[in-house]
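Novice: I need the structure of the sequence given here:
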Amino acid sequence: MAERVDFYILSSVERAERWSFACRLAAKAYQSELSVVLLSESDADARIGDEMLWTFNDRAFVPHQIARDASSIDPETPVHLVYGLEHVSRADVLVNLSDRLPAGLDRFVRLAEIIDADPGRRQLGRERFKAYREQKLALQTHNLSAGADLAQL
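Specialist: This next block holds a predicted model:
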């Protein structure tokens, strides 16, 4: 079971802000030699994340790939973008950019939930928070402004 769930609450409703923060989180985890899975809503959303991982910072390189099935998961690649978790066996960090509660939390050491200011996504985030609390997971909430520091990872 995951040791901890961090909720990162953004002040923006922009998808690009969510992905920018997720990229910074993935880069920090990669620098700490952690494996990361970025869970998106769809293949199109995963492709947006893929593009942003190439462009979010001119001085950062984050080795990554989109993994659409079990055969496309390379154990040597530290960051994978997925839109389903059925073919993910484990990772140190799961970054949830989807609106759903991830299944199989025992495969991940830590979870990061990125919640933006959209009222619908905030409500879904609250529901996930309650579900994690019912599972007795350690929860942390971080209210962030644009460009916030990642010291909390």
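Novice: quickly find the element holding the spatially most central residue of the chain.
Specialist: Central residue of the chain (Cα atoms, centre = their mean): Val95, 1.5 Å from the mean position. For Val95, the host element (DSSP states H and E) is strand 91-96.
Novice: so what strands line up beside the lengthiest strand in the chain?
Specialist: Looking across the chain with DSSP state E, the single longest strand is strand 108-115. Sheet pairing of strand 108-115 (DSSP bridges) gives strand 4-9 (parallel), strand 91-96 (parallel).
Novice: and that strand, how far out from the chain middle?
Specialist: 6 Å (Cα atoms, centre = their mean, to the nearest Å).
Novice: same thing with stretch 103-116?
Specialist: Chain-centre distance of stretch 103-116: 7 Å, with Cα atoms, centre = their mean.
Novice: repeat for stretch 88-107
Specialist: On Cα atoms, centre = their mean, the centre of stretch 88-107 falls 8 Å from that of its chain.
Novice: got it, and stretch 72-83?
Specialist: 13 Å.
Novice: quick one: average pLDDT of the longest strand of the chain?
Specialist: Averaged across strand 108-115, the pLDDT comes to 96.
Novice: contacts for it?
Specialist: 2-10, 18, 21-22, 25, 37, 90-97, 102, 105, 121-122, 125, 128-129, 132, 137, 153 (Cβ atoms under 8 Å, 6 or more residues apart in numbering). Where you see a C-beta, it was placed from the backbone N, CA and C, and this is true even at glycine.
Novice: ChimeraX command to pick out the buried ones of those?
Specialist: Applied in ChimeraX, the following selects the buried portion of the contacts of strand 108-115 according to 16 or more other Cβ atoms under 10 Å:
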select :2,5,6,7,8,9,10,18,21,22,25,37,91,93,94,95,96,97,102,105,121,125,128,129,132,137,153
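Novice: how many other residues sit next to Glu134?
Specialist: 8 (other Cβ atoms under 10 Å).
Novice: what about it, distance to Leu124?
Specialist: Relative to Leu124, Glu134 is positioned 16 Å away (Cβ to Cβ, to the nearest Å).
Novice: got it, and Trp54?
Specialist: From Trp54 to Leu124 the distance is 28 Å (Cβ to Cβ).
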